[in-house]
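J.: sequence first, predicted model second:
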Amino acid sequence: MPFALCARGRTAPRGSCAFSVLPDIGYNALVTSKRGVISWQRNLYTLVIAQFLSTAAFSGVTPLLPLFIQDLGIKNPGEAAFWAGVATFASGIGSFLAAPIWGTLADRYGRKSMVLRSTAGGACILVLTGFSPSLAFLIAFRAIHGVLAGVSTATSALTASQAPRSRIPFAVGLIQMTFFLGAMTGPLAGGVIADAFGYRAPFFFMGVSLVVACLVVVLFVREDFKPSETSGSHQSPIDNVRMVLGITNVIPFLGMLMIIRFGPFMLQPVLAVFMQDMTTEGAATAAGLALSLLGLTSALSSVIVGRWGRTDRFLVVVAAAGCVASVLFLPQLWVQSAIQSALLIGMVGLCQGGLLTSINSLLSASVSRERQGAVFGVAQSAGALSQGVAALAAGTLTIAFGVRSIFAADAVMYLLLGLGAWWMYRRMATKRVGTQSGG
């Protein structure tokens, strides 16, 4: 389907292309129930609270894994970073395998139940991880965490299924902004708690945060869910994955999403070790500060892109932000100050927020309302695979070439992302011109 026709919402069939603007047929039925009117705005702002608490909880413990592993007996920092990568890889593989199943169940039984599953399950696993007696238990708990996690995906699917089509970029941008604010707060809080009470304590504190997020959703989010008879909600997860991958441009968007997530996921397991090279005390706090700055700047850029971005220009945002992020990674090869490193990572966040909001908005616009669970489930699966591979690659690169080699790898990948997005945009623009001229 040509780019112009899809972007302008003309005669494209429902869900047939990545830029179709679908009519809000059935919207009143979606937001109205016997109990009264369900406000999508109220649900959105409630989910913002739950998203913040859950993201802060998960992100507050991830940077501490190599330091926690050192407490479990792996004293060498390089080896600890490698095993932290293995633990994160196990989590990513678990999420990769489970995400399409959760996405299918969301379209079949409702998206609110998936938010509750991910928050309640995540709370239990974080607390159990804090009691890990050995490295083997830690890796096993991280794998189970990957199977049960996915709060951001669940909240995005619920939000996109309720918001009017014209407001989806705003809603997705707000969820992404909250995700980054949580990612900003969590590592800093986790680092301070770890330096004050030890590396097990953050797992217990963050577990309580997830319990609060679960209660917020139970009490204040309403969903009048009715599965569509024609949406394919009764298909198997494999059939749903095939359906999503068969939609125009979805596979390239998923590839871009994997690269976008690859960069930060390579940093998280080893950032504390990197900070240890530049500061003798407070490495956990320094790593938390860097990731907090990344979250803050990402939140700002995500809400700006979500508020004023246009669907037919999101690929331009991806192209520009990818190239700029590539340049910002390079100085980390020579920096000798933890503060300078944190500031550079914060500047990368200005690109990261726009990248994720753009790609998630394009994925949401790819399908009808009834398919939001399926497409975000596949997106979570792709992101989880990227997370697992990135963490394992980070540990391997650290042992082989040193921790700074990770920044060089990120610079190359983001440059390829920017160039690929620009090529894709120009190709679509050429098709549009050819269609308008009768070619």
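T.: Received it, and whenever you're ready, just let me know what you need. Bear in mind the structure is a predicted one, so any value in this text is a computation, not a measurement. Residues are numbered from 1 along each chain as shown.
J.: now do the same for G73: helix, strand or coil?
T.: Per DSSP: H, G, I helix; E, B strand; the rest coil, the local secondary structure of G73 is coil.
J.: now for it: which residues touch it?
T.: Neighbouring residues of G73 by C-beta atoms under 8 Å, 6 or more residues apart in numbering: 134-135. Using the backbone N, CA and C atoms, a C-beta is placed for each residue, glycine as well.
J.: for it, give its distance to L135.
T.: 7 Å (C-beta to C-beta, to the nearest Å).
J.: with L315 instead?
T.: According to C-beta to C-beta, L315 and L135 sit 43 Å apart.
J.: ditto for V127
T.: 18 Å.
J.: likewise for F68?
T.: Separation of F68 from L135 (C-beta to C-beta): 10 Å.
J.: likewise for A149?
T.: Per C-beta to C-beta, A149 is found 20 Å from L135.
J.: so for these two, which sits in the more crowded spot?
T.: Neighbours per residue (other C-beta atoms under 10 Å) separate A149 from L135, with A149 holding more: 29 against 17.
J.: show me the contacts for the more buried one.
T.: 58, 91, 95, 118, 121-122, 125.
J.: got CSV for those residues, with neighbour count and distance to A290 too?
T.: Listed next are the contacts of A149 as CSV, based on neighbours: other C-beta atoms under 10 Å; distance: C-beta to C-beta, whole Å:
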residue, neighbour count, distance to A290
F58, 23, 17
S91, 27, 21
S95, 25, 24
S118, 27, 26
G121, 19, 29
G122, 25, 24
I125, 23, 26
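J.: from G306, how far off is L215?
T.: The spacing between L215 and G306, counted by C-beta to C-beta, is 27 Å.
J.: repeat for A123
T.: Here A123 is placed at a distance of 29 Å from G306 (C-beta to C-beta).
J.: so which of those two has more stuff around it?
T.: In this view A123 and G306 are compared by other C-beta under 10 Å, and G306 has more residues nearby, 25 against 22.
J.: can you tell me the element the more buried one falls in?
T.: If you go by DSSP states H and E, G306 is part of helix 283-308.
J.: list the buried residues in whichever helix or strand comes after that helix.
T.: Remark: after helix 283-308, the chain's next helix or strand is helix 314-329, criterion DSSP H and E. Buried residues in helix 314-329, counted by 16 or more other C-beta atoms under 10 Å: 314-315, 317-326, 328-329.
J.: and helix 314-329, what's its mean pLDDT?
T.: Helix 314-329 shows a mean pLDDT of 91 in the predicted model.
J.: which residue ranges of the chain form strands?
T.: For the chain, the strands defined by DSSP state E occupy 32-33, 36-37.
J.: got any ranges where the stretch 101-250 of the chain has weak pLDDT?
T.: Low-confidence segments of the stretch 101-250 of the chain (pLDDT under 70): 225-237.
J.: please redo it, this time with the cut-off set to 50
T.: 230-232 (pLDDT under 50).
J.: show me where it has its helices.
T.: Taking DSSP state H, counting those that start in this stretch to define them, one finds helices in the stretch 101-250 of the chain at 112-130, 135-148, 151-162, 168-197, 201-220, 237-245, 250-267.
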